[in-house]
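Novice: Take a look and give me a structure for this.
(one chain, ligands or ions: 1)
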Amino acid sequence: MSRQRKSSAFDIASQIRHGEVSCEEHISEILENIQQQEPTFHAYIRIVEDSLDAARKIDQRVKRGEKLGKLCGLGVAIKDNISTKGIQTTCASRMLLDYVPPYDATVVERIRKEDGIILGKTNMDEFGMGSTTEFSFFGPTKNPLDPTLVAGGSSGGSAAAVSLFEADLALGSDTGGSVRCPASFCSIVGLKPTYGRVSRYGLISYASSLEQIGQLGRTAEDCALLLDSIAGYDTMDSTSLRAETKDNLSRPSNDLDGVRIGVIKEFMDGTVEPVSKAINDAIGIMESLGATSQEVSLPSLRFALSSYYIIAMSEASSNLARYDGLRYGHESGFTDDDWQRFFSKNRAYGFGSEVKKRLIIGTFVLIAGYYERFYLKAQQARSQVRNDFIQQFKNFDVLVGPTMPLLPFRLGEKLTDPLALYMCDIDTVPANLAGIPSISVPVSAGTPIGLQILGPILGEEKIISVARIYEEATR
Ligand code: GLN
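Specialist: From the prediction side, this is the model:
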């Protein structure tokens with residue numbers, strides 16, 4: 001068995017830092033995994049070419065006794081909607097096929113500064129719109145546990161890469177569950193931080209008020225390592241928080257003594273049996289570690305999914321208006337004397353059908369006469385969701401439930417039923433509406449089931465430590 005399959009990213013970084021493992025060897029191993037498995041799973045859209053050179057440079061610096069950063073020699077995969085200087089960034093859309101960003105996103109810059117090595121750009125649903133990675137211009141990513149199943153989405157490539165040891169860590173974006181859903185379906189850990197915790201500068205927007213760049217790793221500690229490397233205020237993102245960055249890596253205590261857990265009733269209702277059973281078993285383990293648990297109802301959650309989709313599609317219709325083939329987007333070679341026709345030809349050619357559908361709905365719900373009926377109502381429901389969470393975090397340290405209400409399904413199975421596909425997000429969108437942090441941790445060996453742990457605004461430390469204590473007790 002290879003070294004990676006025994007060690008966490010955290011341990012590998014420390015071994016490289018102390019010269020116990022050569023970074024070149026480590027990165028070569030990852031590249032071999034990529035070569036062998038990519039034809040089956042398709043986690044990446046693009047592999048960068050200079051990762052071995054970067055690895056050799058790390059080894060030289062270790063030899064010279066230089067002090068290296070937190071991500072010392074780790075291979076990091078980046079979702080293809082996060083800008084990488086000089087490396088194509090497509091959002092898995094034909095619209096951006098030949099877009100090469102002239103700058104790095106803040107998160108990418110920080111990964112490089114902490115001596116992480118960028119391995120490549122991962123597959124996703126076009127512009128982040130989807131929950132299975134089937135809506136990619138490049139074709140779907142397959143589930144690492146069974147390639148006939150979906151990997152989840154929209155950050156399916158990032159989750160699969162980490163699960164398949166084709167990366168130590170990965171970045172995704174989570175607008176309504178896109179980090180936690182594929183983490184759950186691929187049996188790894190996925191973290192969506194508090195809105196504003198991580199800079200969105202250089203993230204190509206889908207729905208700006210909902211999304212955060214999230215971390216994917218094989219352990220909660222690995223996600224904390226990546227979060228701590230990239231979090232913090234950024235002058236380039238006006239929504240980034242001036243909050244103190246905490247050290248999420250300090251060792252948590254060994255038990256959950258005194259931790260008050262609220263089990264979200266609305267999340268448990270409507271969850272298929274093998275999932276709800278595994279979640280209840282996990283809660284039982286947490287109780288045996290000293291926590292107390294109680295069922296709790298958040299009545300506003302019944303509005304969460306519909307308000308999420310109204311807000312997300314509205315924001316998308318505005319954010320994606322810039323792709324017209326003139327200002328931004330693929331130059332498809334059409335000519336027309338009429339500007340409207342020229343734009344619509346480019347947009348019809350560049351966008352896939354799921355994106356088009358959402359842009360049309362998003363534009364429709366914002367039409368003056370309908371504004372109050374849809375958008376305003378959705379915003380009101382969003383406030384209620386946020387208030388319900390604030391209220392409950394007075395009584396509980398963390399809230400829990402399943403990440404996904406069902407197990408990963410067959411590729412293509414839900415493509416003919418868009419509403420069924422949207423319904424899969426029912427338990428992940430509330431955290432985005434409320435802006436609170438949430439982590440998904442695998443709880444069943446062999447079956448891809450994620451326990452979702454939600455915390456109050458800026459409560460990353462709390463949910464990460466609960467996840468780590470659970471993880472260590474069950475390893
Ligand atoms: N599945 C949700 C959507 O399609 C969430 C996507 C995301 O988080 N980017 O909008």
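
Novice: Give the rounded mean pLDDT of the helix or strand encompassing Gln340.
Specialist: Assigning secondary structure by DSSP states H and E places Gln340 in helix 339-350. Taken as a whole, helix 339-350 has a mean pLDDT of 92.

Novice: gap between Leu407 and the ligand?
Specialist: Applying CB to the nearest ligand atom, to the nearest Å, the value for Leu407 to the ligand is 17 Å. No exception for glycine: its C-beta is placed from N, CA and C like everyone else's.

Novice: that older thread, going on from the helix holding Gln340, what's the next piece of helix or strand?
Specialist: Tracing the chain C-terminally past helix 339-350 and defining elements by DSSP H and E, one meets helix 353-366 next.

Novice: Please identify the buried residues of that next one?
Specialist: By neighbour count, with 16 or more other CB atoms under 10 Å as the criterion, the buried positions of helix 353-366 are 354-355, 358-359, 361-362, 365-366.

Novice: Please put the alpha-carbon coordinates of stretch 443-454 into CSV.
Specialist: Listed in CSV are the C-alpha atoms of stretch 443-454, where the atom choice follows Å, rounded to 0.1, in the frame of the first residue of the first chain:
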residue,chain,number,x,y,z
VAL,A,443,-20.2,7.9,9.2
SER,A,444,-20.5,4.5,7.6
ALA,A,445,-17.6,2.3,6.5
GLY,A,446,-18.3,1.2,2.9
THR,A,447,-21.5,3.1,2.3
PRO,A,448,-21.3,6.8,1.3
ILE,A,449,-23.3,8.5,4.0
GLY,A,450,-22.4,11.9,5.4
LEU,A,451,-23.3,13.3,8.8
GLN,A,452,-23.8,17.1,8.5
ILE,A,453,-22.7,19.2,11.5
LEU,A,454,-23.8,22.8,11.5
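
Novice: Any idea how far that stretch is from the middle of the chain?
Specialist: Stretch 443-454 has its average C-alpha position 16 Å from the chain's average C-alpha position, going by CA atoms, centre = their mean, to the nearest Å.

Novice: quick one: that stretch near the ligand?
Specialist: No: legend: contact between stretch 443-454 and the ligand by CB under 6 Å from any ligand atom is lacking; minimum distance shown is 13.9 Å.

Novice: residues of that stretch that come out buried?
Specialist: Of the residues in stretch 443-454, those buried (16+ other CB under 10 Å) are 443-444, 448-454.

Novice: ranges for the helices of the stretch 251-400 of the chain?
Specialist: For the stretch 251-400 of the chain, applying DSSP state H, counting those that start in this stretch gives helices covering 265-268, 273-288, 304-319, 339-350, 353-366, 377-392.

Novice: Name the residues of the stretch 101-250 of the chain found near the ligand, please.
Specialist: 128-131, 154, 173-178, 206.

Novice: Rebuild those residues as a markdown table, extending it with neighbour count, pLDDT and secondary structure.
Specialist: Formatted as a markdown table, these follow (neighbours: other CB atoms under 10 Å; pLDDT from 0 to 100; DSSP: H, G, I helix; E, B strand; the rest coil):
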| residue | neighbour count | pLDDT | secondary structure |
| --- | --- | --- | --- |
| Gly128 | 30 | 98 | helix |
| Met129 | 29 | 98 | coil |
| Gly130 | 29 | 98 | coil |
| Ser131 | 26 | 98 | coil |
| Ser154 | 35 | 98 | coil |
| Ser173 | 26 | 98 | strand |
| Asp174 | 28 | 98 | strand |
| Thr175 | 29 | 98 | coil |
| Gly176 | 29 | 98 | coil |
| Gly177 | 33 | 98 | coil |
| Ser178 | 36 | 98 | coil |
| Tyr206 | 27 | 98 | coil |
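
Novice: what's the closest of those to Ala420?
Specialist: Ser131 (10.3 Å; CB to CB).

Novice: so what's that closest one up against?
Specialist: Ser131 makes contacts with 125, 152-154, 177-178, 181, 421-422, 424-425, as judged by CB atoms under 8 Å, 6 or more residues apart in numbering.

Novice: try Ile469
Specialist: Contact partners of Ile469, counting by CB under 8 Å, 6+ apart, are 252-256, 289.

Novice: do the same with Ala467
Specialist: Ala467 touches 189, 220, 439, 441, 453, counting by CB under 8 Å, 6+ apart.

Novice: Keep only those of these that are in helices.
Specialist: Ala220 (DSSP state H).

Novice: which of the contacts of Ala467 count as buried?
Specialist: Of the contacts of Ala467, these count as buried by 16+ other CB under 10 Å: 189, 220, 439, 441, 453.

Novice: Which of these fall within strands?
Specialist: Mapping these onto strands (DSSP state E) picks out 189, 439, 441, 453.

Novice: Once you drop chain neighbours, what's closest to Arg218?
Specialist: In space, and not counting its chain neighbours, Arg218 is closest to Ile188: 5.5 Å by CB to CB, 6 or more residues apart in numbering.

Novice: which residues does the one you found contact?
Specialist: For Ile188, counting by CB under 8 Å, 6+ apart, the contacting residues are 159, 162-163, 216-218, 442.

Novice: Show me which residues of the longest helix seen in the chain are buried.
Specialist: In the chain, ranked by residue count with DSSP H as the criterion, the top helix is helix 23-41. Taking 16+ other CB under 10 Å as the basis for neighbour counts, the residues of helix 23-41 that come out buried are 23-24, 26-27, 29-31, 33-34, 37-38, 41.

Novice: what's the answer for stretch 60-71, then?
Specialist: Residues of stretch 60-71 classed as buried: 61-62, 68-71 (neighbour count, 16+ other CB under 10 Å).

Novice: now the nearest residue to Tyr309 once chain neighbours are set aside, what's its secondary structure?
Specialist: Ranked by CB to CB, 6+ apart and with sequence neighbours excluded, the top spatial neighbour of Tyr309 is Tyr422, at 6.1 Å. For Tyr422, the secondary structure call by DSSP: H, G, I helix; E, B strand; the rest coil comes out as helix.

Novice: what's the neighbour count on Tyr422?
Specialist: The local packing of Tyr422 (other CB atoms under 10 Å) involves 18 other residues.

Novice: Distance-wise, check it relative to Ser7.
Specialist: Using CB to CB, to the nearest Å, one gets 39 Å for the distance from Tyr422 to Ser7.

Novice: How about Thr219?
Specialist: Counting by CB to CB - Thr219 and Ser7 are separated by 10 Å.

Novice: Which one's more surrounded, those two?
Specialist: Thr219 (21 against 17).

Novice: from what I can see Lys377 touches Ser306, true?
Specialist: No: shown here, Lys377 and Ser306 do not form a contact pair, counting by CB atoms under 8 Å, at 9.0 Å.

Novice: so how far is stretch 202-209 from its chain's centroid?
Specialist: A distance of 13 Å separates the centroid of the chain from that of stretch 202-209, by CA atoms, centre = their mean.

Novice: Could you list the buried residues of it?
Specialist: If you call a residue buried by 16+ other CB under 10 Å, then stretch 202-209 has these buried ones: 202-207, 209.

Novice: Check the contacts of Ser131 and tell me the two furthest apart.
Specialist: Gly152 and Tyr422 (14.2 Å).

Novice: okay if I get the helices of the stretch 251-400 of the chain as a markdown table plus distance to the ligand?
Specialist: As requested, the helices of the stretch 251-400 of the chain are arranged in a markdown table below (distance: least, CB to the nearest ligand atom, whole Å):
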| stretch | distance to the ligand |
| --- | --- |
| helix 265-268 | 16 |
| helix 273-288 | 18 |
| helix 304-319 | 5 |
| helix 339-350 | 19 |
| helix 353-366 | 8 |
| helix 377-392 | 14 |
